[in-house]
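Asks: Build the 3D model from these lines:
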Amino acid sequence: MKKIISATLIVASTYSATGFAQSHAIDVDKMLEQTFELIQNNENQAALSNLNWLAKHGTAHDPRFHNTFLDVVQHLWLNFAYSYAPAWKSYDKVYRSAKQALIAAPQNCSAFDIALSFGNLPHNATDHITHLENTEQQFPATWQRCWTAQASSKAIEFISEPLITAYVGDLSDHFKIHIVDQLNAVYRDCDDLPTETLVWECRDAYKLQLTSASAMYREAAMILHDDVSEAGQIGGHTISLMLQWQAHDNR
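Replies: Numbers count the residues shown, from 1 in each chain. Down below sits the predicted model:
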């Protein structure tokens with residue numbers, strides 16, 4: 001029975017990655033769901049074929065798939081590559097293709113997003129930040145049209161002075177608006193989860209996200225500005241929110 005199921009999945013994948021390419025009504029979400037199943041069943045070649053197809057054609061068939069590709073597909077592909085070596089080469093190719101497209105057309109926001117998302121391996125991340133910095137210094141405000149919250153996070157993570165100066169601004173204010181306020185807006189949603197264990201896991205995940213971001217912002221403030229007060233303000237925002245959450249948890 002297992003062989004029959006595996007054979008069925010291979011045929012389905014071949015159809016999705018080739019025959020589907022001829023169709024104008026492809027459900028990319030179903031193809032992604034199928035890819036998860038292929039990976040779970042160790043049908044690695046078929047899964048990689050689907051991922052390559054989604055990289056080349058997914059957003060063209062459904063523009064709404066763009067954010068899913070940046071988040072869900074990127075994480076799936078990266079994790080898959082750790083267990084299936086050929087996936088590394090194609091994962092890296094997605095980054096390099098996006099970077100070349102961005103060099104050719106700096107206002108190509110799709111390429112900007114993909115290069116940032118898939119350029120997260122250490123050598124690619126450093127390479128990409130350097131490219132963004134050099135371009136910004138030569139042609140100020142080049143990235144203004146395409147800049148995103150993810151780009152700000154990456155600039156802070158790599159403590160990029162030209163990018164932080166151009167697009168992030170005051171680190172304390174940015175931390176308050178983009179980390180503290182946004183996390184606080186969703187923290188209490190954890191209360192709606194069905195079990196106490198899940199509630200506490202959810203809360204702990206948000207607390208870890210807050211403290212990790214706080215450490216990153218404070219490090220950037222100290223290295224770039226040697227500013228104890230700016231770092232102190234970030235720490236103050238962190239403690240204040242943690243106390244609010246503690247009061248909520250203990251109510």
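Asks: count of residues packed around the residue nearest to Asn52 when sequence neighbours are not counted?
Replies: The spatially closest residue to Asn52, leaving aside those adjacent along the chain, is Ser90, at 5.7 Å (C-beta to C-beta, 6 or more residues apart in numbering). (Glycine included, C-beta is placed from N, CA and C.) Using other C-beta atoms under 10 Å, the number of residues around Ser90 comes to 16.
Asks: What of Asp173?
Replies: Asp173, neighbours per other C-beta under 10 Å, totals 14.
Asks: tell me which element it is part of?
Replies: Element membership for Asp173, per DSSP states H and E: helix 171-175.
Asks: helix or strand right after that helix?
Replies: Following helix 171-175 in sequence order, the next helix or strand is helix 181-187 (DSSP H and E).
Asks: for that next one, packing partners?
Replies: Under the contact definition 3 or more C-beta pairs under 8 Å, 6 or more residues apart in numbering; DSSP states H and E, helix 181-187 sits against helix 196-225, helix 228-249.
Asks: who wins for proximity to His61 among these?
Replies: Nearest to His61 among the helices and strands packed on helix 181-187 is helix 196-225 (33.0 Å), distances taken as C-beta to C-beta.
Asks: Quick check: mean pLDDT of that closest one?
Replies: The pLDDT scores in helix 196-225 average 96.
Asks: Distance from the chain centre to that helix, please.
Replies: Chain-centre distance of helix 196-225: 17 Å, with C-alpha atoms, centre = their mean, to the nearest Å.
Asks: Next, the angle from that helix to helix 228-249.
Replies: Between helix 196-225 and helix 228-249, the angle formed by their directions is 170 degrees, by axes from the mean of the first three to the mean of the last three C-alpha atoms, to 10 degrees.
Asks: just to revisit the earlier point, for the helices and strands packed on helix 181-187, give me JSON lines that also has distance to Leu54.
Replies: Listed next are the helices and strands packed on helix 181-187 as JSON lines, based on distance: least, C-beta to C-beta, whole Å:
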{"stretch": "helix 196-225", "distance to Leu54": "27"}
{"stretch": "helix 228-249", "distance to Leu54": "38"}
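Asks: Can you lay out those as a markdown table showing distance to Ile179 and mean neighbour count?
Replies: Output for the helices and strands packed on helix 181-187, formatted as a markdown table (distance: least, C-beta to C-beta, whole Å; neighbours: other C-beta atoms under 10 Å):
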| stretch | distance to Ile179 | mean neighbour count |
| --- | --- | --- |
| helix 196-225 | 5 | 16 |
| helix 228-249 | 8 | 16 |
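Asks: pretty sure Leu48 is touching Trp88, no?
Replies: No - counting by C-beta atoms under 8 Å, Leu48 stays clear of Trp88, with 10.5 Å between them.
Asks: between these two, who's got more neighbours?
Replies: Counted by other C-beta under 10 Å, Leu48 and Trp88 do not tie: Leu48 has more neighbours, with 24 against 15.
Asks: Contacts only, for Phe158.
Replies: Shown in contact with Phe158 (C-beta atoms under 8 Å, 6 or more residues apart in numbering): 125-126, 129.
Asks: Now the buried members of those.
Replies: Listed as buried from these are 125, 129; burial here means 16 or more other C-beta atoms under 10 Å.
Asks: List just the nearest of the contacts of Phe158 to Asp62.
Replies: Among the contacts of Phe158, Ala125 lies closest to Asp62 (C-beta to C-beta), at 28.3 Å.
Asks: Buried residues in the helix or strand where that closest one lies, which are they?
Replies: Using DSSP H and E, Ala125 sits within helix 122-138. Of all the residues in helix 122-138, those buried under the rule 16+ other C-beta under 10 Å are 124-125, 127-129, 132-133, 135-136.
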